[in-house]
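K.L.:
need the 3D shape of this:
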Amino acid sequence: MAMEEPLLVNLEKDDVTVSRKVFIEEVKEASRIALPMIVVTVSQYLLRVSPMIMLGHLGELSLSSASIATSLCNVTGYSVLFGMSSALETLCGQAYGARQYRKVGTFSYSAIICLFLVCIPVSVLWIFTDKLLILMGQDPSIATEAGKYAIWLIPTLFPYAILQSLVRYLQAQSLILPMLLNAVASLFFQVTICWAFIFKLNLGIVGAALSIGLSYWLNVISLMLYVKYSSACEKTRASFSMDVFLTIGDFFRLAIPSAVMVW
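P.N.:
Okay, here's the model as predicted:
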């Protein structure tokens, strides 16, 4: 036994060395995906926050109204869509891992349809933002401006729903670079047109809301073109079929708990 002990010790050392190498490689792979995704998520969030900086130069009424409306819309709309779209991380991830590549595209179509359905009641709620704020005891002048801002944010809901579905679709395939480039480009575009709408065209909070919507659409169109024409998405690029409607139940089954966790 004494003769075998050094051999066993060497085997244990080899196992530790292999485990350490595997761990380091896994950390590198996770960082390669996680760090760019942080930039993507922050850039998309800043699209809704950056107008506050410019609106602050118009006066307290514009800033306070837009801030309240943004907070309310984040809680009642954007967070719900973001949470529900997180279901695709499970569905698309499992489908891609099982090499059922077409299902990745099918689940993404289902998510877009479901999120569009959710956008309808959210839009109705945002239409009555001013009345809701007055009911909560908010100053009528602020509530009126906040209601106007919320109404003009309604067109941003639908591209946001598509965008979050596309992000999860690409993320499941580890296609991070297109999202990173599009998110940063959209943010720069939004800052530029927001400045032009507010200070050059004097559109005020309406211009701020329009800049957000246009930026989301730019991001969506760019990613859709990438998905359509890139060879990297060829395996998962599914056609719209009856399977899309058959998987809606699977999506909602995971989407509702995901939304509750985020909300």
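
K.L.:
buried stuff in stretch 138-158?
P.N.:
138, 142-158 (16 or more other Cβ atoms under 10 Å). Where C-beta positions appear, they are placed from N, C-alpha and C, glycine not excepted.

K.L.:
what about the residues you listed, which are in strands?
P.N.:
For the buried residues of stretch 138-158, not one is inside strands, with DSSP state E as the criterion.

K.L.:
give the buried residues for stretch 25-40.
P.N.:
36, 37, 40.

K.L.:
mean confidence score for it?
P.N.:
Taken as a whole, stretch 25-40 has a mean pLDDT of 82.

K.L.:
let's have the buried residues of stretch 25-40 in CSV, adding secondary structure.
P.N.:
Converted to CSV, the buried residues of stretch 25-40 look like this (DSSP: H, G, I helix; E, B strand; the rest coil):
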residue, secondary structure
36, helix
37, helix
40, helix
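
K.L.:
and which of those residues is nearest residue 124?
P.N.:
Minimum separation from residue 124 among these (Cβ to Cβ) is found for residue 40, which lies at 30.0 Å.

K.L.:
and the lowest-mean-pLDDT helix or strand in the chain, what does it pack against?
P.N.:
Every helix and strand in the chain was compared by mean pLDDT, DSSP states H and E; the lowest is helix 5-55, with a mean of 76. If you count contacts as 3 or more Cβ pairs under 8 Å, 6 or more residues apart in numbering; DSSP states H and E, helix 5-55 packs onto helix 60-73, helix 140-172, helix 177-195, helix 204-229.

K.L.:
ranking the ones you listed by burial, who's on top?
P.N.:
Of all the helices and strands packed on helix 5-55, helix 140-172 has the most neighbours on average by mean count of other Cβ atoms under 10 Å, namely a mean of 22.

K.L.:
about what we covered before: the least confident helix or strand of the chain vs helix 204-229, what angle?
P.N.:
Interaxial angle, helix 5-55 versus helix 204-229 (axes from the mean of the first three to the mean of the last three Cα atoms, to 10 degrees): 140 degrees.

K.L.:
tell me how far helix 5-55 lies from the chain's centre.
P.N.:
Here helix 5-55 is found 20 Å from its chain centre; the criterion is Cα atoms, centre = their mean, to the nearest Å.

K.L.:
repeat for stretch 185-199
P.N.:
Distance, stretch centre to chain centre, for stretch 185-199: 20 Å (Cα atoms, centre = their mean).

K.L.:
stretch 238-255 too?
P.N.:
Taking Cα atoms, centre = their mean, one finds stretch 238-255 lying 19 Å from the centre of the chain it belongs to.

K.L.:
next, the buried residues of it.
P.N.:
The neighbour-count check on stretch 238-255 (16+ other Cβ under 10 Å) flags 238, 243, 244, 247, 248, 250, 251, 252, 254, 255 as buried.

K.L.:
average pLDDT for that stretch?
P.N.:
90.

K.L.:
then stretch 187-201?
P.N.:
The model assigns stretch 187-201 a mean pLDDT of 94.

K.L.:
give me the contact list for that stretch.
P.N.:
Here stretch 187-201 makes contact (Cβ atoms under 8 Å, 6 or more residues apart in numbering) with 43, 46-47, 50-51, 54-55, 57-58, 203-204, 206-208, 210-212, 214-215, 218.

K.L.:
ok, and the closest non-adjacent residue to residue 156?
P.N.:
residue 213 (4.4 Å; Cβ to Cβ, 6 or more residues apart in numbering).

K.L.:
residue 211 too?
P.N.:
Per Cβ to Cβ, 6+ apart, closest to residue 211 is residue 194, 3.8 Å.

K.L.:
please tell me how far the one you found sits from residue 205.
P.N.:
11 Å (Cβ to Cβ, to the nearest Å).
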